[in-house]
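Asks: the following block contains a protein sequence and its predicted model.
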Amino acid sequence: PAAMATLITPLSIGFITRILSGFGTDAVAAFGIVSKLEMFAFTLIYALGSVLTVFAGQNWGAEKPNRLRKGIVISAILSLSLGIFFFMISHLFAPQIAAVFTNSKPVIQITASYLVIVSFSYGFQGILMLCTSSFDGINKPLISFSLSLIRMLILYVPLAWIASSMIGLTGIFWSAFSANLIAGSLAWFWLNRLIIKKMDEISLDASGGITCFT
């Protein structure tokens, strides 16, 4: 499942690029720029995610879900903080950032528009990435796969196709925003639900179970 999850993103990006191509080469060029910028923006999240996989597995196996939950909360706060930071940077300097990569004014305008809209959801996208890493660590790769599938092929691509035909190019950007927001929130609640369930099971075992007499 983890291997299959890695195939979803490039496949979905191919569909998105096809939709963008209907708006001309400038839109495709701008998407290439923001893809590179997002790789930079999520560098710390990628690093933290690789650590969380081991951290989650160790604490899950040692039956310390409360420690895992604390780690997840701290990681989520970091992700949201980074998201707010990049949102502020995008609103202040999006055209200047885009101008570093191209001299084309249409490409700069499209890139800036994407960053202003989508950057607010980066914190939730980071939470999604951190949660999927944690799911892999606790031996729940099917959940990671499901979340990747939901975000890209169930939300992002269909929404982009529909919204682009209704409100144009910015519809694709708002689709990315919505997919990140929904999938990140879902991943957070799903992981916390499993952790709470694990905590309840450990608490029940520690008390020796409950015996009912009639």
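Replies: That came in fine, so what should we check first?
Asks: A160 versus the nearest residue to I45 once chain neighbours are set aside, what's the distance?
Replies: When the adjacent residues along the chain are set aside, I45 lies closest to G126, with 4.4 Å between them (CB to CB, 6 or more residues apart in numbering). C-beta coordinates here come from the backbone N, C-alpha and C atoms, glycine included. Using CB to CB, to the nearest Å, we find G126 at a distance of 21 Å from A160.
Asks: which of those two has more residues huddled nearby?
Replies: G126 (28 against 23; other CB atoms under 10 Å).
Asks: is that one part of a helix or strand, or is it coil?
Replies: Assigned with DSSP: H, G, I helix; E, B strand; the rest coil, G126 falls in the helix class.
Asks: so it touches L82, yeah?
Replies: Yes - when contacts are counted by CB atoms under 8 Å, G126 is listed as touching L82 (6.3 Å).
Asks: what is in contact with those two at once?
Replies: Any residue near both G126 and L82 by CB atoms under 8 Å, 6 or more residues apart in numbering counts here, and that gives I45.
Asks: buried sites along the longest helix along the chain?
Replies: Counting by DSSP state H, the longest helix found in the chain is helix 169-206. Residues 169, 171-184, 186-188, 190-191, 194-195, 198-199 are the ones in helix 169-206 that count as buried (16 or more other CB atoms under 10 Å).
Asks: can you pull the contacts of the closest residue to S185 other than its chain neighbours?
Replies: Leaving out its chain neighbours, the residue that sits closest to S185 by CB to CB, 6+ apart is F124, at 6.5 Å. By CB under 8 Å, 6+ apart, the contact list for F124 reads 79-80, 83, 180-181, 183-185.
Asks: need the residue closest to the centroid of this structure.
Replies: By CA atoms, centre = their mean, the chain has its centre lying nearest to Q125, at 2.4 Å.
Asks: show me what contacts the closest residue to it other than its chain neighbours?
Replies: Spatially, and ignoring its direct neighbours in sequence, Q125 is nearest to N180 (4.2 Å; CB to CB, 6+ apart). Counting by CB under 8 Å, 6+ apart, N180 touches 118, 121-122, 124-125, 128, 151.
Asks: in those, which residue is surrounded by the most others?
Replies: That'd be L128 among these, by other CB under 10 Å, with 28 neighbours.
Asks: just how off-centre is whichever strand or helix holds W161 within its chain?
Replies: Here W161, judged by DSSP states H and E, is contained in helix 157-167. Centroid separation between helix 157-167 and its chain, computed with CA atoms, centre = their mean, to the nearest Å, is 20 Å.
Asks: buried residues, it. List them.
Replies: For helix 157-167, the buried set under the neighbour-count rule, 16+ other CB under 10 Å, comprises 157, 159-161, 163-164.
Asks: circling back: what's near enough to touch the residue nearest to I45?
Replies: Counting by CB under 8 Å, 6+ apart, G126 has contacts 42, 45, 78-80, 82-83, 184.
Asks: thank you, goodbye.
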